[in-house]
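Participant: Provide a 3D model corresponding to the input given below.
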Amino acid sequence: MRTKKPKHSNDQINIYYEQEFQLEQDRLNNVDKKKIKEREKRIKQMNKEKSRVDEKFDFDTETVIGMTNKNHQAKRKEIQKQFDKQERIKQKRKRKIKRFLKWTSLICIIAGGTTFALVSPIFNIQEIEVTGNNIVTSETIESISEINKEQNIFKFFNKKVVENVKKNPYIETAKVKRKLPNKVQIQVEERERTFNIEFMNGYAYINNQGYILEISQEKLDLPVIQGAKTPEEKIVPGNRLEKEDLEKLETAITITKIWKNNEIEQKITSIDITDRLEYTMYVEEEKQKIYLGNDTNLNNKILWVQAIMKDNKGVEGEIYVNGDLNDKFKPRFKQKV
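Facilitator: Now for the predicted structure:
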């Protein structure tokens, strides 16, 4: 037999839900009240802490005593950073000002010193000293330098003076020094005369580099170079011999060096460079002419010349060493009849 379920009316169901809703509302109200109380409690606690902080804060110096508040620390760091930046800017500006004043002062000092040096009679030249010259006179060098006594020592250019002095063919190098307050020193190095060259009715003096140093009627006690091909119009002091003559001059220089190294007492009077294949020499003291041939094996050739001259001292004649000494050629002496 089935048991019948009791049937509830709608009113009873509504009452049930209303009661449940009311209970839920009461529960929520109690929770809200509890939260409100807790919030109020926290606010009171925060107010107490704020009061304690306020008691520890010095409003006159704006510093926190024993405080570790991160916001305040960050603010202080930012302020310090800005302060340091301003200090760096100030220091940089000060350095710029000091640098400007330093350079301005230096320029003023230099300008003042320069003006004084250019106008003061203390720096007027009283002495010109020439050193290193043996051929050209000091007076000549002083004259061509265009430096004048009583001239301000700073009112000439060294380069210009050197150019003027080197216009003289004998002067190879020149240096100019100021010896304050009123002395100028000119140091020169002269070219050495090593040969005469027959020129018209006189002689041209040349050095080992082929520079023409002087034209004179007087023959120096030096070997005479014969057979040069340089045109007469180019034989001018300061010029050099033509290329072909310069090459032959090298052979003449070699001959004189070997002659000197072998300590041959007789002096070479002349060297004829007309023909590259037949250089000839003349020794006036012995009245002997020497045929050297080309410029090969000159050391051995001159040793033979030395020996033949010794065996035929004072005998006029000709010496022949112009063959190939390595190919059964026998040097000989031919007496003049």
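
Participant: quick one: the helices in the protein?
Facilitator: Remark: helices assigned in the chain by DSSP state H are 10-56, 70-119, 138-145, 158-165, 243-261, 298-311.

Participant: can I see the domain layout of this structure?
Facilitator: Following automatic domain parsing, one gets these domains for the chain: 122-190, 195-335.

Participant: could I get the ones you listed as CSV with distance to His72?
Facilitator: Bear in mind the C-beta positions are built from the backbone N, C-alpha and C, glycine included. Shown next, in CSV, are the domains of the chain (distance: least, Cβ to Cβ, whole Å):
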stretch, distance to His72
domain 122-190, 70
domain 195-335, 91
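
Participant: As a markdown table, those domains with mean pLDDT and distance to Gln82 would be great.
Facilitator: A markdown table is the format used below for these (pLDDT from 0 to 100; distance: least, Cβ to Cβ, whole Å):
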| stretch | mean pLDDT | distance to Gln82 |
| --- | --- | --- |
| domain 122-190 | 95 | 55 |
| domain 195-335 | 96 | 77 |
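
Participant: mind putting those in CSV, mean neighbour count included?
Facilitator: Converted to CSV, those look like this (neighbours: other Cβ atoms under 10 Å):
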stretch, mean neighbour count
domain 122-190, 16
domain 195-335, 16
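
Participant: closest one to Ile89 among the ones you listed?
Facilitator: Closest to Ile89 of those is domain 122-190 (Cβ to Cβ; 44.8 Å).

Participant: got the end-to-end distance for that closest one?
Facilitator: One end of domain 122-190 to the other measures 33 Å (Cα to Cα, to the nearest Å).

Participant: just how off-centre is that domain within its chain?
Facilitator: 26 Å (Cα atoms, centre = their mean, to the nearest Å).

Participant: cool, and stretch 330-337?
Facilitator: Here stretch 330-337 is found 62 Å from its chain centre; the criterion is Cα atoms, centre = their mean.

Participant: contact partners of it?
Facilitator: Stretch 330-337 has contacts (Cβ atoms under 8 Å, 6 or more residues apart in numbering) with 287, 301, 304-305, 308, 311-312, 315-321, 323, 325.

Participant: Figure out the length between the terminal residues of that stretch.
Facilitator: 21 Å.

Participant: Need the contact partners of stretch 161-175.
Facilitator: 135-136, 140-141, 144-147, 176, 186-191, 211-214, 237-238.

Participant: Just those: which are in strands?
Facilitator: Secondary structure assignment by DSSP state E places Val176, Ile186, Gln187, Val188, Glu189, Glu190, Ile212, Leu213, Glu214 of the contacts of stretch 161-175 in strands.

Participant: farthest pair in these?
Facilitator: Across the ones in strands among the contacts of stretch 161-175, no pair lies farther apart than Val176 and Ile212, at 25.8 Å, counting by Cβ to Cβ.

Participant: Tell me the one of the ones in strands among the contacts of stretch 161-175 nearest Lys243?
Facilitator: For these, the closest approach to Lys243 (Cβ to Cβ) belongs to Ile212, at 14.6 Å.

Participant: For the closest residue to Tyr203 other than its chain neighbours, list the residues it contacts.
Facilitator: Distances taken as Cβ to Cβ, 6 or more residues apart in numbering place Asn196 nearest to Tyr203, at 4.3 Å, with adjacent residues excluded. By Cβ under 8 Å, 6+ apart, the contact set of Asn196 is Tyr203, Ala204, Tyr205, Ile206, Lys219, Leu220, Leu222, Pro223, Val224, Ile225.

Participant: Does the second one touch Ile215 like I think?
Facilitator: Just to be clear, that refers to Ala204. Yes - using Cβ atoms under 8 Å as the test, Ala204 is close enough to Ile215 to be in contact (5.4 Å).

Participant: okay, and the common contacts of these two?
Facilitator: Common neighbours of Ala204 and Ile215, counting by Cβ under 8 Å, 6+ apart, are Ile235.

Participant: Only C-alpha atoms, please: export stretch 204-220 in CSV.
Facilitator: Written as CSV, here are the backbone C-alpha positions of stretch 204-220 (Å, rounded to 0.1, in the frame of the first residue of the first chain):
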residue,chain,number,x,y,z
ALA,A,204,137.2,77.0,-63.4
TYR,A,205,137.4,75.5,-59.9
ILE,A,206,135.1,72.6,-59.2
ASN,A,207,134.4,70.2,-56.3
ASN,A,208,133.8,66.5,-56.2
GLN,A,209,130.1,67.0,-57.0
GLY,A,210,130.9,68.9,-60.2
TYR,A,211,129.8,72.3,-58.9
ILE,A,212,131.5,75.2,-60.5
LEU,A,213,132.8,77.3,-57.7
GLU,A,214,134.8,80.1,-59.3
ILE,A,215,136.4,81.3,-62.5
SER,A,216,139.9,82.5,-62.3
GLN,A,217,143.1,83.2,-64.3
GLU,A,218,145.1,81.5,-61.5
LYS,A,219,145.6,77.7,-61.6
LEU,A,220,145.3,76.1,-58.2
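
Participant: going forward, begin numbering at 29 instead of 1
Facilitator: Understood, numbering begins at 29; the last thing we discussed is stretch 232-248.

Participant: For that stretch, give me every contacting residue.
Facilitator: Around stretch 232-248, the neighbours that count as contacts under Cβ under 8 Å, 6+ apart are 197-198, 219-225, 227, 229-231, 250, 253, 263-269, 273-274, 277, 281.
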